[in-house]
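S.K.: Need coordinates for the following:
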Amino acid sequence: MKKNEVDKLREIIRLGSELVDIQDLDILLERILREARMVVNADAGSIYVREGDELIFSHVQNDTMQGQLPPGHKLIYSTFRVKISPRSISGYVASTGEILNIPDVYAIPGEEPYHFDSTYDTISKYRTTSMLTVPLKTNRDDVVGVLQIINAKDDAGDVIPFNAADEPFVLHFAGIASMILQRAQMTRTLLLRMISMAELRDPKETGAHVNRVASYAVEIYEKWAVRRGMSAAELEKNRDVLRMAAMLHDVGKVAISDLILKKPAKFTEEEYDIIKSHTYLGARLFGEKQSVFDEVASTVALTHHENWDGTGYPGHVDVATGKPLIADERGRATGLRGEEISVFGRIVALADVYDALSSKRVYKSAWDEDSVLDEIKKLGGSKFDPELVEIFFESIDFIRSIRRRYPDAD
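M.R.: Down below sits the predicted model:
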């Protein structure tokens, strides 16, 4: 075995051990795609997740197109579903479980059942040439997804075909990734089941809503962390747990009576106090902290209704009892203020309000975007951390793309 082959195998083993530490499904898929491209020095790629007889186009990366964007901006893309069929390249790989190594997608022989759809190239003015498409298979040979890597590059940066000698390494990496992907899918399913319980009590807690809030939160957090010079390793770890914790921000509503939660009229003061208890009741679910996730999930549940100016809730309370630790003259807990509030709670507060205002609910229409953005701007420095509001507006194009990626069900 050549030295570079030994190095590649060692790298794949190392990557496998690192991927095990990632718990959130979306962040794992993003990392799998990035690392697979690195193994074979590919310019671009995409990843599909199988759901029944469809493939969901989940994540895309493209170094060339990313390099054309202003610093700090991200590549915006849309997700979509395609029926698994041997007529497309990804569908052929998903249906057969075979790897496809195509030197030039524009020169696929006519006798092949699959063809290349050049629509994206036409729109983006990007030229796809070489393509390596690999099934993500379980140890029972079930295909759970497809990894598509595009445009291998040589040392001079020129596009070349993928080397056939690289195929075993990519397949080995795909096998490791598939097993870890299954575990992440199970974790996501468990989270969504918890959210479904909350949705039974509060119809706004839908899977689309929590996925949007979590995705907004991660985007805002990334930019906040970069401003502070946070290490890549710490950023990666924190965004993983934040995304899952943000999905569960309102899970404490499972403990609130339907008579109050679904009341069509205005709450009495006593009823509003009960509603506010979902914060510390949610934090209490993660009370026996055994991981960083438990810590962050508890913090987010507890603090996502605190306000920058100290007017939020539940404030300085004992999570175990809900009783004030620091009280005002009326005996009520005083609110947390400014940086007393965890940055995770401050971020989810902003993400949650933006999505709530932007979304249609049974009790209200969606606000138009200008009104939503005016309200967010107006609340900077009172309800929201002003720095996070600034970051939010810097990220608005990508945040809009997240809304399109997770639409509400009709």
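S.K.: Got the domain ranges for this protein?
M.R.: Following automatic domain parsing, one gets these domains for the chain: 3-184, 202-405.
S.K.: and those, which one's lowest on average pLDDT?
M.R.: Lowest mean pLDDT of the domains of the chain: domain 3-184, a mean of 89.
S.K.: Take the domains of the chain and write them to JSON lines, including distance to residue 191 and mean neighbour count.
M.R.: Using the backbone N, CA and C atoms, a C-beta is placed for each residue, glycine as well. Listed next are those as JSON lines, based on distance: least, CB to CB, whole Å; neighbours: other CB atoms under 10 Å:
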{"stretch": "domain 3-184", "distance to residue 191": "9", "mean neighbour count": "17"}
{"stretch": "domain 202-405", "distance to residue 191": "5", "mean neighbour count": "18"}
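S.K.: can you put those domains in CSV and add distance to residue 193?
M.R.: Listed next are these as CSV, based on distance: least, CB to CB, whole Å:
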stretch, distance to residue 193
domain 3-184, 14
domain 202-405, 10
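S.K.: Determine which of the ones you listed approaches residue 195 most closely.
M.R.: For those, the distance to residue 195 is smallest for domain 202-405, at 5.4 Å, taking CB to CB.
S.K.: What secondary structure category should be reported for residue 47?
M.R.: Of the three states, residue 47 takes strand under DSSP: H, G, I helix; E, B strand; the rest coil.
S.K.: Can you show me the helices along the stretch 1-150 of the chain?
M.R.: Using DSSP state H, counting those that start in this stretch, the helices of the stretch 1-150 of the chain run over 3-19, 25-40, 63-66, 89-96, 119-124.
S.K.: Residue 293: which of those helices is closest?
M.R.: helix 25-40 (12.6 Å).
S.K.: Quick check on residue 85: phi, psi?
M.R.: Dihedral pair for residue 85: phi -150, psi 140, per degrees, to the nearest 10.
S.K.: thought it was touching residue 93?
M.R.: No. Look at residue 85 against residue 93 with CB atoms under 8 Å: they stay out of range, at 11.3 Å.
S.K.: Redo the helices of the stretch 1-150 of the chain as a markdown table? Include distance to residue 290.
M.R.: Output for the helices of the stretch 1-150 of the chain, formatted as a markdown table (distance: least, CB to CB, whole Å):
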| stretch | distance to residue 290 |
| --- | --- |
| helix 3-19 | 21 |
| helix 25-40 | 21 |
| helix 63-66 | 38 |
| helix 89-96 | 37 |
| helix 119-124 | 44 |
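S.K.: So for residue 328, which of those sits nearest?
M.R.: Residue 328 sits nearest to helix 25-40 of all the helices of the stretch 1-150 of the chain, at 40.7 Å, using CB to CB.
S.K.: Does the closest one pack against any helices or strands, and if so which?
M.R.: Here helix 25-40 touches helix 3-19, strand 42-51, strand 54-62, strand 143-153, helix 167-201, helix 232-247, going by 3 or more CB pairs under 8 Å, 6 or more residues apart in numbering; DSSP states H and E.
S.K.: could these be laid out in JSON lines, adding distance to residue 263?
M.R.: Shown next, in JSON lines, are these (distance: least, CB to CB, whole Å):
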{"stretch": "helix 3-19", "distance to residue 263": "46"}
{"stretch": "strand 42-51", "distance to residue 263": "37"}
{"stretch": "strand 54-62", "distance to residue 263": "38"}
{"stretch": "strand 143-153", "distance to residue 263": "43"}
{"stretch": "helix 167-201", "distance to residue 263": "12"}
{"stretch": "helix 232-247", "distance to residue 263": "26"}
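S.K.: Out of the ones you listed, which is closest to residue 259?
M.R.: With CB to CB as the measure, helix 167-201 is the member of these nearest residue 259 (10.8 Å).
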